[in-house]
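# Structure for the following, please:
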Amino acid sequence: MCLKKYVNVTARFDENGNITPLAVIWDNDVKFEIERVLDINPAVSLKAGGAGIRYTCRICGHEKYLFLEENRWFVELKEKQYIAY
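Numbers count the residues shown, from 1 in each chain. As a prediction, the model looks like this:
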């Protein structure tokens, strides 16, 4: 089972209103740079629930989903990871 983990995100907003996430920041202030945004699409999180804009990102060499749901960012986190965190 997956849960939503709301996270802080550093993002760039351009003059056309496009949003590009640059880094994900965890509760303990550990910052993960987003190496590249691979895709941007409206989508639902089938694992954790919720809908919004899904950013497919390369972080630390791995492909991860980052969701912008209204005005909050979240990632999908396995329940075991959340408890261990």
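# Averaging pLDDT per element, find the lowest-scoring helix or strand in the chain.
Least confident helix or strand, the chain: helix 79-84 with a mean of 54, by mean pLDDT, DSSP states H and E.
# any idea of the mean pLDDT in stretch 51-66?
Mean pLDDT, stretch 51-66: 95.
# Just the buried positions in that stretch, please.
52, 54-55, 57, 59, 64-66 (16 or more other CB atoms under 10 Å). Bear in mind the C-beta positions are built from the backbone N, C-alpha and C, glycine included.
# What is the neighbour count of the closest residue to G52 other than its chain neighbours?
Once flanking residues are discounted, G52 sits nearest to E69: 3.7 Å by CB to CB, 6 or more residues apart in numbering. Counted with other CB atoms under 10 Å, the neighbours of E69 add up to 17.
# ditto for G49
Residues lying near G49 (other CB under 10 Å) number 12.
# Would you check that it makes contact with F67?
No: using CB atoms under 8 Å, G49 makes no contact with F67, being 10.4 Å away.
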